[in-house]
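Student: need a structure here:
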Amino acid sequence: LLMICSFTYTMIFCLAVEIAPGFFVHLFNSSSQELFEMTKWALRIYMAATGVFGIQLAVQQVFMALGQAKISLFIACLRKIILLIPLIYILPHFFADKVFAVFLAEPVSDFISVTVAATFIQFFYEFLYHLALHDGHSLMFWLLVFRAVVSLSNIRNCSHLHILSQVGTRFVLIQILIPP
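Tutor: Numbers count the residues shown, from 1 in each chain. Presented below is the predicted three-dimensional model:
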């Protein structure tokens, strides 16, 4: 559900920008017609891959909810630091229009980071599925799902649900260490 909602939200926003970039540009610039036209052109390029970015947002939240902060941090840094900055310097060497190449770095970075995030979550779910169902740890699978739901619903502030989530996680670890 989180993946669907995030993807839908970013796709609607991306389509709105692609269909009517002038509306969004007009919110911030109404003085110069030349700047208005140039910004409309640049905004379409810059926002081209924003539609799929909701997948990365959902994956980051899932990893945070499951206690995998390092993976979530890596995915977050991948888009803007690891990919975008080098692409801003690399892409202008391959295009005659250098400004276009700099703006193109953003959607290329978005697309690559979403692909990496989707790959990470796919491997992680396959690992959990194998561990939970094939090794007889179905309880562990459902408790991890419960912990993710609690964390993602922002209900962790309620102490009884937070405690239940923490107890469930510890119970899962006991189930792993002492096989059925």
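
Student: Who are the contact partners of Phe36?
Tutor: Each residue near Phe36 by C-beta atoms under 8 Å, 6 or more residues apart in numbering is listed here: Gly22, Val25, His26, Asn29, Ser30. (Glycine included, C-beta is placed from N, CA and C.)

Student: Mark which of those residues are buried, thanks.
Tutor: Using 16 or more other C-beta atoms under 10 Å as the burial test, the contacts of Phe36 include Val25 as buried.

Student: what ranges of this protein fall below the confidence cut-off?
Tutor: Flagging of the chain using pLDDT under 70 yields the residue ranges 128-180.

Student: which residues of it fall in helices?
Tutor: Under the criterion DSSP state H, the chain carries helices at the ranges 2-19, 21-28, 33-46, 53-65, 69-77, 85-90, 98-129, 138-152, 159-177.

Student: Highest mean neighbour count out of those?
Tutor: Mean neighbour count (mean count of other C-beta atoms under 10 Å) peaks for helix 53-65 among those, with a mean of 22.

Student: so what's the spatially most central residue of the chain up against?
Tutor: By C-alpha atoms, centre = their mean, the chain has its centre lying nearest to Gln56, at 1.7 Å. Applying C-beta under 8 Å, 6+ apart to Gln56 gives the contacts Ile75, Arg79, Asp110, Ser113, Val114, Ala117, Ala118.

Student: and His93, how many residues sit next to it?
Tutor: 8 (other C-beta atoms under 10 Å).

Student: who are the neighbours in contact with it?
Tutor: So His93 contacts nothing (C-beta under 8 Å, 6+ apart).
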